[in-house]
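Student: Here is my input; please provide its structure:
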Amino acid sequence: MNLTLKVWRQNGPADSGRMVTYQVTDVSPDMSFLEMLDVLNERLILEGDDPVAFDHDCREGICGMCGMVINGVAHGEQRATTTCQLHMRHFEDGATITIEPWRAAPFPVVKDLVVDRSSFDRIIQAGGFISVPAGSAPDAHSVPVKKEDADDAFDAATCIGCGACVAACPNGSASLFTAAKITHLGLLPQGQPERDSRAVAMVEQMDLEGFGGCTNTGECTAVCPKGISLDVITQMNRDYLKAAK
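Tutor: Okay, here's the model as predicted:
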């Protein structure tokens with residue numbers, strides 16, 4: 001496959017940035033998207049140019065590091081797929097592909113396709129945990145949990161914190177991420193003592209970070225690689241309103 005890549009290049013947060021066009025040849029359809037970028041970077045290094053900076057880690061779709069906007073869609077047009085699990089066979093030979101970083105004020109560009117997502121970390125620090133004494137794992141059936149609650153909590157817990165929801169939202173809202181973290185703890189018995197304070201603290205931190213408000217557009221769940229439902233936002237709003245009374 002031969003491809004034309006239009007890649008966002010930016011030296012840092014203070015740089016205005018620009019799109020740069022590259023030609024990539026002999027791309028295997030079996031390569032992942034990140035492997036294709038590796039091929040481009042190897043060529044750039046041999047030519048003495050600066051390689052394209054992009055985040056990556058596990059390359060297995062579970063760490064959430066590899067987020068980028070591909071042809072205007074967070075993680076690309078394949079549903080329920082992270083960038084690292086997107087393969088080149090989903091593109092046409094000779095295609096032109098645009099690659100950009102997440103676009104949101106709380107996600108400042110560090111370099112090229114790398115953004116600073118520490119705002120997510122601060123939301124978690126505000127309340128995304130359970131304050132219980134550490135120790136050995138309890139027996140599996142020591143605390144009964146309803147099957148429905150366990151399933152819903154597990155679905156919410158699949159959030160990998162990639163930030164695609166923020167990148168896709170026209171308001172730049174982090175509601176899906178924050179709600180997933182609040183919901184997966186709030187549905188379990190261990191999360192009940194801090195359920196109200198958790199919702200208030202995390203929502204308020206989300207607002208402090210400068211994320212926009214949710215208007216139920218649904219773009220977030222459409223691009224979420226784990227398919228997390230808008231139901232978690234409903235649960236978050238319910239917990240927050242109850243606690244704020």
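Student: Please, where are all the helices along this structure?
Tutor: 33-46, 118-127, 147-157, 164-168, 175-186, 195-208, 219-223, 231-244 (DSSP state H).
Student: who wins for proximity to residue 88 among those?
Tutor: helix 33-46 (5.7 Å; CB to CB). Backbone N, C-alpha and C define where each C-beta goes, glycine included.
Student: phi, psi of the residue nearest in space to the middle of the chain?
Tutor: By CA atoms, centre = their mean, the chain has its centre lying nearest to residue 162, at 1.7 Å. Main-chain torsions, residue 162, degrees, to the nearest 10: phi -70, psi -30.
Student: From residue 56, how far out is it?
Tutor: 12 Å (CB to CB, to the nearest Å).
Student: want to throw the helices of the chain into a markdown table with distance to residue 111, mean pLDDT and mean neighbour count?
Tutor: Shown next, in a markdown table, are these (distance: least, CB to CB, whole Å; pLDDT from 0 to 100; neighbours: other CB atoms under 10 Å):
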| stretch | distance to residue 111 | mean pLDDT | mean neighbour count |
| --- | --- | --- | --- |
| helix 33-46 | 13 | 98 | 16 |
| helix 118-127 | 15 | 98 | 18 |
| helix 147-157 | 31 | 96 | 15 |
| helix 164-168 | 17 | 98 | 27 |
| helix 175-186 | 23 | 97 | 27 |
| helix 195-208 | 26 | 97 | 19 |
| helix 219-223 | 23 | 97 | 20 |
| helix 231-244 | 32 | 95 | 17 |
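Student: Run through the residues that contact residue 20.
Tutor: 6-9 (CB atoms under 8 Å, 6 or more residues apart in numbering).
Student: Roughly how far does it sit from residue 103?
Tutor: Taken as CB to CB, the span from residue 20 to residue 103 is 17 Å.
Student: what's the distance between the closest residue to residue 69 other than its chain neighbours and residue 136?
Tutor: The shortest distance from residue 69 to any non-neighbouring residue, by CB to CB, 6 or more residues apart in numbering, is to residue 100 (4.3 Å). As judged by CB to CB, residue 100 and residue 136 stand 46 Å apart.
Student: Looking at these two, which is more packed in?
Tutor: Legend: neighbour count by other CB atoms under 10 Å for residue 100 and residue 136, higher for residue 100 (21 against 5).
Student: Done for today, thanks.
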